[in-house]
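Enquirer: Let me see the structure of the following:
(chains A and B)
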Number of protein chains: 2
Amino acid sequence: MTFEQWMRSVLDRVEGALEQYLPAESTEPATLHQAMRYAVLGGGKRVRPLLCHAAGELTGAKAECLDAASAALEMIHVYSLVHDDMPCMDDDELRRGKPTVHVKYDEPTALLVGDALQSQAFVALTSDVLAPAQQAALVRELALASGSIGMAGGQAIDLASVGHTLTRAQLETMHRLKTGALLRAAVRMGALTGETPDAKTLQALDAYSAAVGLAFQVVDDILDVTTDSATLGKTAGKDAKDGKPTYVSIIGLDASRALAAQLRSDAHDALASFGARAQRLAELADLVVNRVS
Amino acid sequence: MTFEQWMRSVLDRVEGALEQYLPAESTEPATLHQAMRYAVLGGGKRVRPLLCHAAGELTGAKAECLDAASAALEMIHVYSLVHDDMPCMDDDELRRGKPTVHVKYDEPTALLVGDALQSQAFVALTSDVLAPAQQAALVRELALASGSIGMAGGQAIDLASVGHTLTRAQLETMHRLKTGALLRAAVRMGALTGETPDAKTLQALDAYSAAVGLAFQVVDDILDVTTDSATLGKTAGKDAKDGKPTYVSIIGLDASRALAAQLRSDAHDALASFGARAQRLAELADLVVNRVS
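Expert: Sure, this is the predicted structure:
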């Protein structure tokens, strides 16, 4: 199977899983459920589900178990986008090429969509396709990665940084929490969904995730200044306009590109001991760095 | 032990558990953690933790396990208050006698405090004082009760109802989700924390919770028109001002008082088969109906 075929098959599975783990549009309250599905379905790069499925190949995880974990990861990611786009946060009107939830519906609905998607992620993780002990382990990974010492904490640091000059180390701390924690959780959860991985495996996967997570952000910052809104599916040039520190603003465009290439190489190095079982993880590191949107 | 002594001892335990299960103020990002603790600690009636501990007595649950479940329940409850108080929702400035989180801090912080408290609830439920299978069962109860077919769904119905005339049945559906689902989860989670309860026990407890949950709301509506803001610790008369349908507006004050008394009696009836083991649950039903704030 080529990487493209593998990716297509995972993306199809994940779309089906999201469809399955989200309440139906006809379930009351119908508008809330329609808005949740509007936010989640039919868009997005599904980077976290892809990482989760790729890591699951290392530990022989069953695809249907990885689907549950992937659906939960994507729901958390989308809830964070819906809340981040709200007027009191980034005030953004375009996401994944469509009007953001508070524009399409209204602010209270956007708030509740985010809140309910977070709950629904934990509903998905307690699906009975997973053994109870696995459910518990995955819930803990996801809750820690989402909360105040993970994604939400990174968001708080990001907000506090607007208009301030950050050092490169401070910028890295912010991204390690804001996007890195959930990407790391995606990889760990994929591995934990199969045969329990040993400490050395988890350590190598964490090193891989740290490199890929940072690369993802560096590339985001590069694309924000080199690509148009239509290609990105979100408002381009927004970070500079909002006075947000980025890799490009701190170290420049050329150094950012060199850093992304270095991080891809670090990600590959972290996988060295796994051999062919880590092929998809290695290919995903390439995808993260080479993407154009 | 008198009811007052029992209640005091549970409240002390719960305050300690919340203290323990919330990240320290000094942990980065410090402002977010300070705001989370501001929202949660030192206030509130702790009705859900009390129900959880009382139900745990039926199944011989360990106090430290009930503490973890109670902390999670209260974090979910507080997150919903913080989000409900935001300008795009109820726009309220007073809660538990203190400025609301978006007034004391700012709107983005209030949004993130709510988001992070929801995650932290699931962190608390995966504490290793609970066995993995119990963790998984409790997570599922709490996630379903919090999400779009529970609390968040009730909130969506509530928002959609402003300015509309609801039937008593529609009002009941709204409250069954908005407040009832989490109160029911508090009772079920307490019971599930001990020896696994049989279906008949859970059925009786659900009947108890349905009565207490509705009584809680009816009394809330009564207090909203009969009590001042200082006693309530939140803005009195707000529902009428916002054009929200309430029991008092639909069936009147006297009929609302009679309904509350009837629901207390229903709650007691539901507990009949448990005997003395259900003493605290019965006393809590009385407290919910007789409270003055």
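
Enquirer: Residue A:24 touches residue A:33, doesn't it?
Expert: Yes: using CB atoms under 8 Å, residue A:24 makes contact with residue A:33 at a distance of 6.8 Å. Placement of C-beta: from N, CA and C, glycine included.

Enquirer: and the residue most central in space within chain A, what is it in contact with?
Expert: Nearest residue to the geometric centre of chain A (CA atoms, centre = their mean): residue A:48, 4.6 Å. Going by CB atoms under 8 Å, 6 or more residues apart in numbering or on different chains, residue A:48 touches A:70, A:73, A:74, A:77, A:182, A:183, A:185, A:186.

Enquirer: Just the element for it, please.
Expert: helix A:47-56 (DSSP states H and E).

Enquirer: And the average pLDDT for that helix is what?
Expert: Mean pLDDT, computed over helix A:47-56, is 98.

Enquirer: Which other helices and strands does the following helix or strand past it contact?
Expert: Downstream of helix A:47-56, the first helix or strand assigned by DSSP H and E is helix A:63-84. Helix A:63-84 is packed against helix A:3-21, helix A:30-40, helix A:47-56, helix A:107-125, helix A:132-146, helix A:151-161, helix A:181-192, helix B:107-125, with contacts defined by 3 or more CB pairs under 8 Å, 6 or more residues apart in numbering or on different chains; DSSP states H and E.

Enquirer: weakest of these in terms of mean pLDDT?
Expert: Least confident of those, judged by mean pLDDT, is helix A:151-161 with a mean of 94.

Enquirer: quick one: that one near chain B?
Expert: Yes: Helix A:151-161 is in contact with chain B by CB under 8 Å from any CB of the partner chain, via A:152, A:153, A:155, A:156, A:157, A:159, A:160.

Enquirer: Could you dump those residues into a markdown table with neighbour count and distance to residue B:243 added?
Expert: Listed next are the residues of helix A:151-161 next to chain B as a markdown table, based on neighbours: other CB atoms under 10 Å in any protein chain shown; distance: CB to CB, whole Å:
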| residue | neighbour count | distance to residue B:243 |
| --- | --- | --- |
| A:152 | 30 | 33 |
| A:153 | 27 | 38 |
| A:155 | 27 | 34 |
| A:156 | 28 | 35 |
| A:157 | 21 | 40 |
| A:159 | 22 | 34 |
| A:160 | 16 | 38 |
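
Enquirer: List just the nearest of these to residue A:42.
Expert: Nearest to residue A:42 among those: residue A:155, at 25.0 Å, using CB to CB.

Enquirer: what angle separates the longest helix seen in chain A from helix A:181-192?
Expert: Looking across chain A with DSSP state H, the single longest helix is helix A:199-226. Here helix A:199-226 points in a direction 140 degrees away from that of helix A:181-192 (axes from the mean of the first three to the mean of the last three CA atoms, to 10 degrees).

Enquirer: Buried residues in helix A:199-226, which are they?
Expert: For helix A:199-226, a neighbour-count test (16 or more other CB atoms under 10 Å in any protein chain shown) marks A:201, A:204-205, A:208-224 as buried.

Enquirer: Also stretch A:22-36?
Expert: Going by neighbour count (16+ other CB under 10 Å), the buried part of stretch A:22-36 is A:22, A:23, A:29, A:31, A:32, A:33, A:34, A:35, A:36.

Enquirer: follow-up on the earlier one: nearest to residue B:280, of the helices and strands packed on helix A:63-84?
Expert: When those are compared by CB to CB, helix B:107-125 sits nearest residue B:280, at 22.2 Å.

Enquirer: Would that closest one count as contacting chain A?
Expert: Yes: counting by CB under 8 Å from any CB, chain A is contacted by helix B:107-125 at B:107-109, B:111-112, B:114-116, B:118-123, B:125.

Enquirer: Just the buried ones among these, please.
Expert: Buried among the residues of helix B:107-125 next to chain A (16+ other CB under 10 Å): B:107-109, B:111-112, B:114-116, B:118-123, B:125.

Enquirer: which of these lies closest to residue B:245?
Expert: residue B:114 (25.1 Å).

Enquirer: Quick one: residues contacting that closest one.
Expert: A:115, B:79, B:80, B:82, B:83.

Enquirer: which residues touch the second one?
Expert: Just to be clear, that refers to residue B:79. Contacts of residue B:79 by CB under 8 Å, 6+ apart are A:115, B:113, B:114, B:115, B:117, B:118, B:121.

Enquirer: Make TSV out of the residues you listed and add distance to residue A:4.
Expert: Below are the contacts of residue B:79 laid out as TSV (distance: CB to CB, whole Å):
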residue	distance to residue A:4
A:115	36
B:113	42
B:114	40
B:115	35
B:117	41
B:118	37
B:121	40
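
Enquirer: wait, isn't residue A:38 in contact with residue A:101?
Expert: Yes: between residue A:38 and residue A:101 there is a contact under CB under 8 Å: 6.8 Å.

Enquirer: neighbour-wise, which of the two wins?
Expert: Of the pair residue A:38 and residue A:101, residue A:101 is the one with more neighbours under other CB atoms under 10 Å in any protein chain shown, namely 26 against 19.

Enquirer: any idea how far the more buried one is from chain B?
Expert: According to CB to the nearest CB, to the nearest Å, residue A:101 stands 12 Å off from chain B.
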